[in-house]
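>>> Kindly generate the corresponding structure for this input.
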Amino acid sequence: VYRYVYCRSVRVICDARKQRLVRNAAQITLCRVFLFVFLKGWEYRMELSDYRTQIDRIDAELLQLFAERMQTAAGIAAYKKEHALPVLDTGREREKLAGIVKAAPEDLQEEAVSLFRLLFSLSRGYQRSLLGSSSTLPEILKRAVVTTPQLFPTSAAVACQGVEGAYSQQACDKLFQHPSVFFCATFDKVFAAIEQGLCQYGVLPLENSTAGSVNKVYDLMLQHEFSIVRSTRLKVDHSLLVRPGTKLSDIREVYSHEQAIGQCQEFLKTLPDVQIIRCENTAAAAKFVAESGRNDVAALASRTCGALYGLAALAECVQDQGNNYTRFICISKNLEIYPGADRTSLRMVLAHKPGALYQVLSLFNALGINLNKLESRPIPERDFEFAFYFDLDTSIYSPDFLQLMAELPGICEQFSYLGSYSEVI
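Got it, this is the predicted structure:
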């Protein structure tokens, strides 16, 4: 259309010159300006649709080439099976990426590398699906789904850190209707109680919406074998608890757990002459104040602890944020996957090289699996190397989830499946 209108316009101007209807250069120039503006406007209106048509054509070609590439990958899978070769060939992928960087336009090199990394990941996944995974984890998970009871137990022996009134106990009461609570002095002893068969389950705090992750628990998770079977979130409100008759001006020491102290920083700044003393548990702090016989000490703990130990609340809800929640996990020695499990926790140790974490994340992306949380913790006796914890939002019944469980062990130095479970809100 553009070419036709333009040619016709030029012809009109030439004919007008010959017939002396346009008598001077100014009139010709004016006609040209008019035609230029008109035609540019027409060209702009056509531009988006033209480009989209071109994109559609390119996409159709890409799709055809993608299908051809995956068919070729199937042939490679058959060859590797016949010759007992691994699916992943790190050297070949590195060589390919180096060639792509050289061949790609300078301003598109990073995008080209990202595209081909994704293609490599899809190709490996397709080859593994054709060959059948050597990992036994998918079958173990399928068996656990079948053998686990349909209903979560209402009563059980449960290990909790702290003393009567601890937040862990409150979380336990939220998970179980009639628990038999076994109190432990430390988080480590909760894990030990599970491993030694003293308790069927253990309840541990994992993260807080204000103070962040409970690092001591994450570090202990590296040292113990367990399975997460459920989780819950508990609204945490801290009160400043004292013996009856104590005034705010009397207080010289405040006792609490380090997480509670971290959650109440702004309030504690209003007590400049008070010493902050950390202890193993908020409930233990309340118990200490109640049994101390002193009127110059206070505890940051729950109202439940105040009622339990006969303490008065000088101030309530003193945490920095009103929307203060702690997430607790329920662990077991045995693998149990209850109906409705839609969250999975994993731990991985990856190769200490560029792209190792990206390879894992690109697999999540390729399978459409949402990453809910990513945490890293240093590995003891390995300088500046870390274990990664992943929480994934995915149903245990999803084929994509089972494919992920088949592929991940092959791309990690160490892989630990920590459990699939649902969260009690």
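>>> The stretch 201-350 of the chain: helices as residue ranges?
Secondary structure of the stretch 201-350 of the chain by DSSP state H, counting those that start in this stretch: the helices cover 215-221, 258-263, 265-268, 282-292, 303-309.
>>> And the first one, what does it pack against?
For helix 215-221, the helices and strands in contact under the criterion 3 or more CB pairs under 8 Å, 6 or more residues apart in numbering; DSSP states H and E are helix 187-195, strand 201-208, strand 370-378. From N, CA and C alone the C-beta is placed, and that goes for glycine too.
>>> and the residue lying closest to residue 415 once chain neighbours are set aside, helix, strand or coil?
The spatially closest residue to residue 415, leaving aside those adjacent along the chain, is residue 409, at 4.4 Å (CB to CB, 6 or more residues apart in numbering). Of the three states, residue 409 takes helix according to DSSP: H, G, I helix; E, B strand; the rest coil.
>>> residue contacts, residue 409?
For residue 409, the contacting residues are 135, 137, 415, taking CB atoms under 8 Å, 6 or more residues apart in numbering as the criterion.
>>> just checking, which of these belong to helices?
residue 137 (DSSP state H).
>>> So in terms of bridging, what pairs with the residue nearest to residue 228 when sequence neighbours are not counted?
Closest residue to residue 228 in three dimensions, ignoring its sequence neighbours and counting by CB to CB, 6+ apart: residue 419, at 3.4 Å. Note on residue 419: beta-bridge partners residue 345, judged by DSSP bridges.
>>> most tightly surrounded among the helices and strands packed on helix 215-221?
For those, the stretch with the most neighbours on average is strand 201-208, a mean of 25; neighbours defined as mean count of other CB atoms under 10 Å.
>>> so that strand versus strand 370-378, what angle?
90 degrees (axes from the mean of the first three to the mean of the last three CA atoms, to 10 degrees).
>>> where's stretch 204-218 relative to the chain centroid, distance-wise?
Using CA atoms, centre = their mean, to the nearest Å, the mean C-alpha position of stretch 204-218 is found 15 Å from that of the whole chain.
>>> Now the terminal residues of that stretch, how far apart.
The straight-line separation of the ends of stretch 204-218 (CA to CA, to the nearest Å) is 10 Å.
>>> Residues in contact with that stretch: which ones?
If you take CB under 8 Å, 6+ apart as the criterion, stretch 204-218 is touched by 161, 167-168, 171, 187, 190, 231, 236, 259, 262-263, 319-321, 323-329, 331, 373, 375, 377, 389.
>>> Who are the contact partners of residue 97?
Counting by CB under 8 Å, 6+ apart, the residues that residue 97 touches are 113, 116, 117.
>>> Swap in 6 Å and give it another go.
Contacts of residue 97 were listed using CB atoms under 6 Å, 6 or more residues apart in numbering, and they are residue 113.
>>> what's stretch 98-113 in contact with?
Applying CB under 6 Å, 6+ apart, the set of residues contacting stretch 98-113 from outside is 97, 116.
>>> Mind checking the pLDDT average for that stretch?
Taken as a whole, stretch 98-113 carries a mean pLDDT of 94.
>>> Which positions in that stretch come out as buried?
Judged by neighbour count (16 or more other CB atoms under 10 Å), stretch 98-113 contains these buried residues: 104, 113.
>>> picking up where we left off before, select, out of the helices and strands packed on helix 215-221, the one closest to residue 127.
strand 370-378 (24.1 Å; CB to CB).
>>> Next, the angle strand 370-378 makes with the helix or strand following the closest one.
If you walk from strand 370-378 toward the C-terminus, the next helix or strand you reach (DSSP states H and E) is strand 386-393. The directions of strand 386-393 and strand 370-378 differ by 160 degrees, with the same axes, to 10 degrees as the criterion.
>>> Tell me how many other residues surround residue 416.
18 (other CB atoms under 10 Å).
>>> do the same with residue 59
Counted with other CB under 10 Å, residues neighbouring residue 59 total 10.
>>> still on that earlier bit, against residue 275, how distant is the residue nearest to residue 415?
Taking CB to CB, to the nearest Å as the measure, residue 409 and residue 275 are separated by 50 Å.
>>> what about the residue nearest to residue 211 when sequence neighbours are not counted, distance to residue 326?
Leaving out its chain neighbours, the residue that sits closest to residue 211 by CB to CB, 6+ apart is residue 262, at 4.0 Å. Shown here: residue 262 relative to residue 326, a distance of 12 Å by CB to CB.
>>> swap in residue 208?
As it turns out, when the distance is counted by CB to CB, residue 208 lies 5 Å from residue 326.
>>> before we move on, back to that, quick one: closest of the helices of the stretch 201-350 of the chain to residue 355.
helix 215-221 (24.6 Å).
>>> mean confidence score for the closest one?
95.
>>> do the same with stretch 352-364
When pLDDT is averaged along stretch 352-364, the result is 85.
>>> Counting neighbours, which bits of it end up buried?
Within stretch 352-364, the residues scored as buried using 16+ other CB under 10 Å are 356, 357, 359, 360, 362, 363, 364.
>>> got those as a markdown table, with secondary structure and distance to residue 145 columns?
Rendered in a markdown table, the data for those read as follows (DSSP: H, G, I helix; E, B strand; the rest coil; distance: CB to CB, whole Å):
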| residue | secondary structure | distance to residue 145 |
| --- | --- | --- |
| 356 | helix | 31 |
| 357 | helix | 29 |
| 359 | helix | 28 |
| 360 | helix | 24 |
| 362 | helix | 28 |
| 363 | helix | 22 |
| 364 | helix | 22 |
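>>> ok, back up a step: relative to residue 348, tell me which of the helices of the stretch 201-350 of the chain wins on proximity.
Each of these has some distance to residue 348 by CB to CB; the shortest is helix 215-221, at 12.6 Å.
>>> before we move on, the earlier item: same list (the buried residues of stretch 352-364) but as JSON lines, adding distance to residue 281.
Putting the buried residues of stretch 352-364 into JSON lines (distance: CB to CB, whole Å) gives the following:
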{"residue": "356", "distance to residue 281": "38"}
{"residue": "357", "distance to residue 281": "35"}
{"residue": "359", "distance to residue 281": "41"}
{"residue": "360", "distance to residue 281": "36"}
{"residue": "362", "distance to residue 281": "42"}
{"residue": "363", "distance to residue 281": "40"}
{"residue": "364", "distance to residue 281": "36"}
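>>> now, which of those sits nearest residue 85?
Within the buried residues of stretch 352-364, distances to residue 85 taken as CB to CB reach their minimum at residue 359, with 19.3 Å.
>>> With adjacent residues omitted, what lies nearest to that closest one?
Nearest-residue entry for residue 359: residue 411, 5.7 Å, with adjacent residues in sequence omitted and distances by CB to CB, 6+ apart.
>>> how near is the one you found to residue 110?
With distances defined as CB to CB, the gap from residue 411 to residue 110 amounts to 22 Å.
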